[in-house]
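K.L.:
give the three-dimensional model of this entry:
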Amino acid sequence: MADLARTMRRDRAFEANFDHWRTTWDRLAAEEAKLRTGGGSKAAAKHKEKGKLLVRDRLAALLDPGKPFLELGLWAAWGMYREWGGAPAAGVVTGLGMVSGRVCVIVANDATVKAGAWFPMTCKKILRAQEIAMENRLPIIYLVDSAGVFLPMQDEIFPDKEHFGRVFYNNARLSAAGVYQIAAIMGPCVAGGAYLPIMSDEALIVEKTGSIFLAGPHLVKAAIGEFIDEDALGGAEVQCDISMVVDDRYPDDLSCLKAIRTRIASLARPRLAPFDRAEPRPPAVPTEGILGVLPVDRTRPYDTYALLAHLLDDSELEEYKATSGRTLVCGWGRIDGWAVGIVANQRAVVTRRRGLEAKEKEMQIGGVIYADAADKGTRFVELCNQKGTPILFLQDVTGFMVGSKSEREGIIKDGAKMVHVVANSTVPKITIFVGNSYGAGNYAMCGKAYGARFLFAWPSASIAVMGGDQAAQTLLSIQLKNRGEQVSAEERAALLADIKARYEATTDPRYAAARLWVDGLLDPRDTRAVVSACIESAAHEGEHVPYRWGVLQT
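P.N.:
Alright, predicted model coming up:
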């Protein structure tokens, strides 16, 4: 068992890194606080005038006191829909929280944001929450308060496979799979959106503020000439006492939320997956020191073992194949007591033997996956599946090694093997984007396309098909070729700077979080707690599914 604490060095570079990332996270935390205010103070005041609790006050009443709420998708739609005034957090709050002692997925509309209307990213965010509930077999609670589809963008939300209708498809599939769903109608619930609560296993409604109907008063008037208000058309008494569409009605938000807690408390206890957990122990080094490990410049090397020293219980790692495939660190350790397999890119420059003579050594570039590292990673992922151990991927990868030597070593074959086993892995996979995530390295290290249960990005993350310098040079060459004319050195430099700035704006971790490529931005100091919460949630899947694979080129 390797003691990683010895890798720690608090030098001048460490202190500079620490100050930079602490300041960066403080700025991001301030942005997150603003996102949590939703549509702002005026919209909040109007909301409360209707006798309704704000969405985060509803969550406070629903969740167990003192228990953390792991919010997911807070940055969804960041920087998007500016022509419509924006949609903070996509107008819906989602996450994992404890309700009556049970881990639940929460989906709660924020009616201060465009009356809770659904933008394209609102839909994507709700679909992601349902995916998490399905994969981990967690009860899901919907707090509905929405005006329905944002009509100016209906063509981007209504007809496609992963659009609005998929939410109700998921309602049906979740129920059939035995995943409990309960909905509270706490505001308007209009048109197609009416199916979400009614396709849940139980549906409750709040009197005077809650309403549900396929067509609102304005559409009813236009369609059949009938004049009627919302409450008479589809209020609590109509839909509970007369139509019996809704199961029960309550006088206010608080009593409705209390009823949800009561129902969740009576659910049968699930059989948890047998992921091993020992008594949690802190790292041997202060957790906050993790901010000092990562360089400000993403191109600079650093020792991945120093990162792991701040993440693993007792700073201990049982390393796998420590002396081979050294640009990939694999091994077993514990996080908050949970046994985990670690697959992490090594960003330090390392050496390897050439033949049997120890004196003959070849340099390897950190952050690149070589053929031997891919082969090692493949074998390690298979072992984690054999042992039933969740896997934590720590991504800081610039891709697979290229060139004639790598091709002769079979880099395509070994890379394909690693991608294959990661795709077919059945143990829970959690991915943290630590630094670079470029090209096929994103796939091999379990990017969004490869079925990670949860994905988070540190402020230092950069997700793209290639690095900014390489991409800018490539794009500039294409532009100059298309122009077919002489360009001065000054104009060339200006074009290159402009291309690089526009490209690197898309590699900002907020850009990734806005599009839900990751579930959220993560303070590195909180990584242990978040990984622990994710494994706890994944344990609700029940018995571990056996690992199977297809044809591998060996």
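
K.L.:
which regions of the chain sit below the pLDDT cut-off?
P.N.:
For the chain, the stretches flagged by pLDDT under 70 are 1, 3, 7, 352-363, 466-476, 478-485, 496, 553-554.

K.L.:
for it, what's the longest helix?
P.N.:
Ranked by number of residues, the top helix in the chain under DSSP state H is helix 12-35.

K.L.:
buried sites along that one?
P.N.:
For helix 12-35, burial by neighbour count (16 or more other CB atoms under 10 Å) applies to 14, 17, 18, 20, 21, 24, 25, 28, 32, 35. To be clear about C-beta, it is placed using only N, CA and C from the backbone, and glycine gets the same treatment.

K.L.:
residues in contact with it?
P.N.:
74-75, 78, 88-89, 289, 291-296, 459-460, 510, 521, 523-524 (CB atoms under 8 Å, 6 or more residues apart in numbering).

K.L.:
just the ones of the residues you listed in helices?
P.N.:
Filtering the contacts of helix 12-35 for helices - DSSP H - leaves residue 510.

K.L.:
buried subset of the contacts of helix 12-35?
P.N.:
Neighbour-count burial within the contacts of helix 12-35 applies to 74-75, 78, 88-89, 289, 291-295, 459-460, 510, 521, 523-524; the criterion is 16+ other CB under 10 Å.

K.L.:
restricted to strands, list those residues.
P.N.:
Counted as lying in strands by DSSP state E, out of the buried ones among the contacts of helix 12-35, are residue 521.

K.L.:
using a markdown table, lay out the buried residues of helix 12-35 together with distance to residue 116.
P.N.:
A markdown table is the format used below for those (distance: CB to CB, whole Å):
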| residue | distance to residue 116 |
| --- | --- |
| 14 | 46 |
| 17 | 42 |
| 18 | 41 |
| 20 | 38 |
| 21 | 36 |
| 24 | 32 |
| 25 | 30 |
| 28 | 26 |
| 32 | 20 |
| 35 | 16 |
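
K.L.:
which two of those residues have the greatest separation?
P.N.:
The most widely separated members of the buried residues of helix 12-35, counting by CB to CB, are 14 and 35 (31.2 Å).

K.L.:
the nearest residue to residue 517 once chain neighbours are set aside: what's it in contact with?
P.N.:
Excluding the flanking residues, the one nearest residue 517 by CB to CB, 6 or more residues apart in numbering is residue 448, at 5.2 Å. Shown in contact with residue 448 (CB under 8 Å, 6+ apart): 455, 517, 518.

K.L.:
just residue 97 next, same as before
P.N.:
By CB under 8 Å, 6+ apart, the residues touching residue 97 are 59, 62, 63, 64, 67, 68, 69, 70, 103, 104, 106.

K.L.:
assign it to helix, strand or coil.
P.N.:
For residue 97, the assignment made with DSSP: H, G, I helix; E, B strand; the rest coil gives strand.

K.L.:
quick one: residue 432 is in a helix?
P.N.:
No: judged by three-state DSSP, residue 432 forms no part of a helix; its state is strand.

K.L.:
quick one: it from residue 289, how far?
P.N.:
According to CB to CB, to the nearest Å, residue 432 and residue 289 sit 17 Å apart.

K.L.:
before we move on, what about residue 437?
P.N.:
Distance from residue 437 to residue 289, by CB to CB: 24 Å.

K.L.:
and what of residue 62?
P.N.:
36 Å.

K.L.:
likewise for residue 334?
P.N.:
19 Å.

K.L.:
helices along the stretch 151-300 of the chain, start to end?
P.N.:
164-176, 195-198, 217-224, 230-234, 236-237, 253-265 (DSSP state H, counting those that start in this stretch).

K.L.:
kindly reformat those helices as CSV containing distance to residue 387.
P.N.:
Below are these laid out as CSV (distance: least, CB to CB, whole Å):
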stretch, distance to residue 387
helix 164-176, 30
helix 195-198, 39
helix 217-224, 57
helix 230-234, 53
helix 236-237, 52
helix 253-265, 33
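
K.L.:
quick one: which of those is nearest residue 443?
P.N.:
Taking CB to CB as the criterion, residue 443 comes closest to helix 164-176 out of the helices of the stretch 151-300 of the chain, the separation being 24.3 Å.

K.L.:
tell me the gap between that closest one and the middle of its chain.
P.N.:
Helix 164-176 has its C-alpha centroid displaced from the chain centroid by 21 Å (CA atoms, centre = their mean, to the nearest Å).

K.L.:
ok, and what's touching that helix?
P.N.:
Under the contact criterion CB under 8 Å, 6+ apart, helix 164-176 has outside partners 118, 123, 126-127, 130-131, 133-134, 140, 149, 157-159, 181, 192, 195-196, 199-201.

K.L.:
drop anything exposed from these.
P.N.:
118, 123, 126-127, 130, 133-134, 140, 149, 157-158, 181, 195-196, 199-201.

K.L.:
correct me, but residue 272 touches residue 538?
P.N.:
No: in terms of CB atoms under 8 Å, residue 272 does not count as a neighbour of residue 538; the distance is 9.7 Å.

K.L.:
who has more neighbours, those two?
P.N.:
Just comparing residue 272 and residue 538: by other CB atoms under 10 Å the higher neighbour count belongs to residue 538, 25 against 13.

K.L.:
in terms of helices and strands, where is the more buried one?
P.N.:
helix 527-538 (DSSP states H and E).

K.L.:
mind giving me the packing neighbours of that helix?
P.N.:
If contacts are counted by 3 or more CB pairs under 8 Å, 6 or more residues apart in numbering; DSSP states H and E, helix 527-538 sits against strand 70-72, helix 120-136, helix 304-311, strand 328-335, strand 338-345, strand 429-438, strand 454-457.

K.L.:
now do the strands in the stretch 351-500 of the chain.
P.N.:
Using DSSP state E, counting those that start in this stretch, the strands of the stretch 351-500 of the chain run over 357-364, 368-369, 391-397, 399-400, 429-438, 454-457, 462-464.

K.L.:
now those as a markdown table including mean neighbour count and distance to residue 218?
P.N.:
Formatted as a markdown table, the strands of the stretch 351-500 of the chain follow (neighbours: other CB atoms under 10 Å; distance: least, CB to CB, whole Å):
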| stretch | mean neighbour count | distance to residue 218 |
| --- | --- | --- |
| strand 357-364 | 11 | 66 |
| strand 368-369 | 24 | 58 |
| strand 391-397 | 27 | 49 |
| strand 399-400 | 22 | 54 |
| strand 429-438 | 26 | 45 |
| strand 454-457 | 26 | 41 |
| strand 462-464 | 21 | 43 |
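
K.L.:
and those as a markdown table, adding distance to residue 487?
P.N.:
Below are these laid out as a markdown table (distance: least, CB to CB, whole Å):
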| stretch | distance to residue 487 |
| --- | --- |
| strand 357-364 | 37 |
| strand 368-369 | 33 |
| strand 391-397 | 34 |
| strand 399-400 | 30 |
| strand 429-438 | 28 |
| strand 454-457 | 37 |
| strand 462-464 | 26 |
